[in-house]
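# With the sequence up front, the predicted model follows.
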Amino acid sequence: MSRVGKKPIPIPDGVTVNVKDNMITVKGPKGELAKPFHKDITVKTADGEIRVERPSDEKKHRALHGLVRALISNMVTGVSEGYEISLQIIGVGFQGEVKSNKRLLLSLGYSHQILMDAPEGISFSLVRDILKVSGPDKQKVGEVAAQVRKLRKPEPYKGKGIRYLGEQIHRKAGKTAGATS
């Protein structure tokens, strides 16, 4: 049996879970998430926990068992605690500004400024050079953080650009003086 799939998911206080047909809806203090799951997998809620079960030991069912359990666990964590990814803006003159938690204005060394609107459920916050992308949906938070990073990836010579907080950039040596022969 799947080690991930057989673990029950505890439901924290303030979170409600509703399972109908092949759709699960999770509501909590940070928001509401709904996601469909495979018709072969059964999801049951009882005694303050969620259990995910599979019909057989086929390879497909074993894979779906762990996947559905992990997705539901991420939903419960997201609506109760939320997810956050921190990005660091590094470079002379590289700066950002957050307008009303939903709009991000970045100056990244291009001839123009970049204005980025946050998708629904995602918010930005900026303290000095640390940009935080937060929201209840783990997948969406990661996707938005990757889109922001893609605007100016860190370059290998000086390390300028947008990087994840704590990310190590492999630096290259610059040009060296050539020997004359």
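Perfect, I can see it now.

# backbone phi and psi for the residue nearest to Asp129 when sequence neighbours are not counted, please?
Using CB to CB, 6 or more residues apart in numbering and skipping residues adjacent in sequence, the residue nearest Asp129 is Ile89, 4.7 Å away. Yep, even glycine has a C-beta here, placed from its N, CA and C like the rest. The phi and psi torsions at Ile89 (degrees, to the nearest 10) take the values phi -100, psi 120.

# what are the ranges of the strands in the protein?
With DSSP state E as the criterion, the chain has strands at 9-10, 16-20, 23-28, 31-36, 42-46, 49-53, 83-90, 95-99, 103-107, 114-117, 123-127, 130-135, 161-164.

# got the domain boundaries for the chain?
9-80, 83-164 (automatic domain parsing).

# Tell me who's in contact with the residue at minimal distance from the centre of the chain.
Centroid check for the chain by CA atoms, centre = their mean gives Gly142 as the closest residue, at 2.8 Å. With contact set as CB atoms under 8 Å, 6 or more residues apart in numbering, Gly142 has these partners: Tyr83, Ile85.

# Could you dump the domains of the chain into CSV and include mean pLDDT?
What follows is these, written out as CSV (pLDDT from 0 to 100):
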stretch, mean pLDDT
domain 9-80, 92
domain 83-164, 92
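
# Next, format those domains as a markdown table and append distance to Ala177.
Below are these laid out as a markdown table (distance: least, CB to CB, whole Å):
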| stretch | distance to Ala177 |
| --- | --- |
| domain 9-80 | 53 |
| domain 83-164 | 17 |
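
# Now the lengthiest helix in the chain: buried residues?
Secondary structure of the chain per DSSP state H: the longest helix is helix 59-80. By neighbour count on 16 or more other CB atoms under 10 Å, the buried set for helix 59-80 is 61, 64-69, 71-80.

# neighbouring contacts of that helix?
For helix 59-80, contacts defined as CB under 8 Å, 6+ apart pick out 2-5, 7, 9, 11-12, 14-15, 17, 24, 26-33, 35, 37-38, 40-41, 43, 50, 52-55, 83, 135-139.

# Separate out the buried members of those.
Using 16+ other CB under 10 Å as the burial test, the contacts of helix 59-80 include 2, 5, 9, 11, 15, 17, 24, 26, 28, 30, 33, 35, 37, 41, 43, 50, 52, 54, 83, 135-138 as buried.

# Redo the strands of the chain as a markdown table? Include distance to Gly174.
Shown next, in a markdown table, are the strands of the chain (distance: least, CB to CB, whole Å):
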| stretch | distance to Gly174 |
| --- | --- |
| strand 9-10 | 51 |
| strand 16-20 | 56 |
| strand 23-28 | 50 |
| strand 31-36 | 47 |
| strand 42-46 | 56 |
| strand 49-53 | 53 |
| strand 83-90 | 17 |
| strand 95-99 | 25 |
| strand 103-107 | 25 |
| strand 114-117 | 28 |
| strand 123-127 | 31 |
| strand 130-135 | 28 |
| strand 161-164 | 17 |
